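# Next one to model:
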Amino acid sequence: MSHKILYLSRIYPNNIVAVNGLWVEGMVTAMSKLHEVRVVSPVPYCPPLPESTGYANNRKILSRSKVNGVEVYRPRFLSPPGYILHSYLGELLYWSIVWKIDRYRKEFPFELIHAHFSYPEGYVAARLARRYNIPLIITEHATWKPWMDDYPRVAKQAVFAAGVSHGMIAASRYLADTMAAFTGEPKKLHDIPIGVNTALFKPDATVKKVPRQILYVGRIHKTKGVDILFNALSLLLKTHSDIHLIVIGGNLGFKNYQKQENEMRALATRLNINSSIEFVGMQPPETVVKYMQQSALLVLPSRRETFGAVLIEAIASGTPVVATRCGGPDDFVTDSVGALVDKENSQALADGIEKVMLNLNDYPADILHKYADEGFSWDSVARRTNQLYDAALSTGE
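The predicted structure is shown next:
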């Protein structure tokens with residue numbers, strides 16, 4: 001049976017940042033085949049101040065548009081720069097949009113809310129679910145440690161949202177376990193992975209592999225282990241001088257991200273490896289898949305990761321992966337699709353890259369794609385998620 005489902009997520013593609021929250025958009029698009037869906041994607045607003053210059057692009061984001069045929073409404077909400085009032089962001093978001101959502105519900109009488117991220121979206125959605133007496137599902141993408149330890153008030157609100165919800169989705173067992181330690185409700189938690197568009201991310205027999213090309217896709221950030229990767233590359237170049245690293249990603253307009261990227265680029269200069277690295281910036285999925293198809297392998301050297309969607313995208317594209325034991329990748333990176341190595345260990349990372357790079361015939365592209373398609377396609381993720389919707393809606397609440 002088809003129902004009216006409302007998704008609440010600040011992270012969603014828009015006319016300014018088309019790659020923003022593609023993993024959320026992928027789920028919504030898949031669910032739109034089963035239900036009538038709409039998205040509310042609140043946009044932070046701050047009056048023009050010297051400290052709020054990063055918000056300038058937000059003012060250009062369209063209030064309403066369609067993304068892959070799904071209507072997206074983007075109400076503004078008051079949000080000061082940085083983490084000044086992070087613990088009160090849930091209240092700011094709720095009181096900024098509640099009256100707008102009241103009015104929007106007359107236009108689209110949604111029967112269930114699915115929030116992405118426990119805070120602030122999950123907290124706000126929990127209050128809205130109680131206001132309208134409808135069920136709530138929450139998908140979490142961010143690790144709760146050390147986040148909730150550092151912000152006790154945020155933890156309290158996230159636990160409240162968990163209590164109101166009919167079910168919570170975690171992208172990995174690692175994430176589910178960390179959440180359960182706070183909520184005390186493991187039965188409400190369901191580990192359902194992030195999906196992949198296997199119609200886009202697939203092997204292409206006409207694309208020739210570059211045997212010594214390594215690919216990294218993600219923020220150029222210490223949390224992502226880019227410093228470990230650069231040190232590993234420095235070690236590899238001593239015996240494999242023809243290795244070439246492609247780095248896709250870059251600053252999304254956040255000062256801290258830019259600072260970290262500058263630090264990583266400075267490290268590459270100190271290691272004297274700039275000639276072996278090509279920074280190509282942010283790229284659309286259609287370009288990313290081409291790089292994945294031609295690269296020998298993709299590497300994700302994170303210090304912590306709740307899932308690692310780029311790993312599944314690479315596997316679906318027929319490219320093996322090297323990842324660190326940092327949470328999410330532990331669930332699905334096996335010897336048959338690549339290598340899993342210890343985190344924060346440049347030598348272990350270099351060894352893992354070398355092992356995969358020298359044994360590419362052990363990873364047939366069609367077998368890799370089948371692995372991703374059977375367990376991680378958006379259609380399979382949608383079916384599992386829909387089971388939670390059915391259970392929540394059948395309660396009659």
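
# Mind listing what's buried along stretch 169-179?
Using 16 or more other Cβ atoms under 10 Å as the test for burial, stretch 169-179 gives 169-172, 174-176, 178-179. Using the backbone N, CA and C atoms, a C-beta is placed for each residue, glycine as well.

# mind listing which of those residues are in helices?
Taking DSSP state H as the definition of helices, these contribute 174-176, 178-179.

# How much space separates the closest residue to Pro44 other than its chain neighbours from Ile97?
Leaving aside its sequence neighbours, Pro44 sits nearest to Ser79 (Cβ to Cβ, 6 or more residues apart in numbering; 3.6 Å). Distance, Ser79 to Ile97, using Cβ to Cβ, to the nearest Å: 11 Å.

# Compare these two and say which one has the larger neighbour count.
Counted by other Cβ atoms under 10 Å, Ser79 and Ile97 do not tie: Ser79 has more neighbours, with 23 against 20.

# so where's the stretch 101-250 of the chain shaky on pLDDT?
Judged against pLDDT under 70, the stretch 101-250 of the chain has no low-scoring part.

# Helices of the stretch 201-350 of the chain, residue ranges please.
226-236, 255-270, 285-294, 309-316, 346-357 (DSSP state H, counting those that start in this stretch).

# Of all those helices, which one comes closest to Gln157?
Gln157 sits nearest to helix 255-270 of all the helices of the stretch 201-350 of the chain, at 23.2 Å, using Cβ to Cβ.

# what angle sits between that closest one and helix 226-236?
On the basis of axes from the mean of the first three to the mean of the last three Cα atoms, to 10 degrees, helix 255-270 is oriented at 10 degrees to helix 226-236.

# Nearest to Val196 among the buried residues of stretch 169-179?
Ala171 (12.3 Å).

# Enumerate every residue touching Glu107.
Counting by Cβ atoms under 8 Å, 6 or more residues apart in numbering, Glu107 touches no other residue.

# Ramachandran coordinates for Leu6?
Main-chain dihedrals, Leu6, degrees, to the nearest 10: phi -110, psi 130.

# my bad, should have said Pro120
According to degrees, to the nearest 10, Pro120 has phi -80, psi -10.

# same thing with Trp147?
Torsion angles, degrees, to the nearest 10, at Trp147: phi -50, psi -60.

# and it, how many neighbours?
What Trp147 shows, counting by other Cβ under 10 Å, is a neighbour count of 16.
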